[in-house]
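Visitor: Dropping a prediction and its sequence here:
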Amino acid sequence: GHWQETEELNVQVMETRKRVPGEDHSDTLASMANLASTYRNQGRWKEAEELDMQMM
């Protein structure tokens with residue numbers, strides 16, 4: 001459904017931004033936060049927490 005499409009798009013954006021501009025760039029971190037939020041909205045707490053830890 002809607003969350004699956006959102007997740008797929010967020011994963012694509014995050015992976016692209018990890019390459020350019022890089023993993024520590026604010027745009028990449030924002031993409032990771034968006035994906036973590038999508039995971040939380042789906043009740044996927046462990047995956048959201050793992051992304052949150054990567055952003056620290």
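Guide: Nice, thanks for sending it over.
Visitor: Figure out the helix or strand that Asn34 lives in.
Guide: Assigned by DSSP states H and E, Asn34 belongs to helix 26-41.
Visitor: Show residues contacting that helix.
Guide: Outside of helix 26-41, the residues within contact range by C-beta atoms under 8 Å, 6 or more residues apart in numbering are 3, 6-7, 10-11, 13-14, 17-18, 21-22, 45, 47-48, 51-52, 54-55. All C-beta atoms are positioned from the backbone trio N, CA, C, and that covers glycine.
Visitor: switch to 10 Å and redo it
Guide: With contact meaning C-beta atoms under 10 Å, 6 or more residues apart in numbering, helix 26-41 is reached by 2-4, 6-23, 25, 44-55.
Visitor: Report the contact partners of Glu23.
Guide: Neighbouring residues of Glu23 by C-beta under 10 Å, 6+ apart: 14, 17, 29, 32, 54-55.
Visitor: re earlier: for the helix holding Asn34, give the mean pLDDT please.
Guide: Per-residue pLDDT over helix 26-41 has a mean of 94.
Visitor: re the thing from before, buried by neighbour count, from the contacts of Glu23: which ones?
Guide: Among these, those buried by neighbour count (16 or more other C-beta atoms under 10 Å) are 14, 17, 29, 32.
Visitor: Any chance of JSON lines for those residues, columns distance to Arg40?
Guide: Output for those, formatted as JSON lines (distance: C-beta to C-beta, whole Å):
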{"residue": "Met14", "distance to Arg40": "15"}
{"residue": "Arg17", "distance to Arg40": "20"}
{"residue": "Leu29", "distance to Arg40": "16"}
{"residue": "Met32", "distance to Arg40": "13"}
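Visitor: Just the buried residues from the contacts of helix 26-41, in ChimeraX please.
Guide: Applying 16+ other C-beta under 10 Å to these, the buried members can be selected in ChimeraX as follows:
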select :6,7,10,13,14,17,48,51
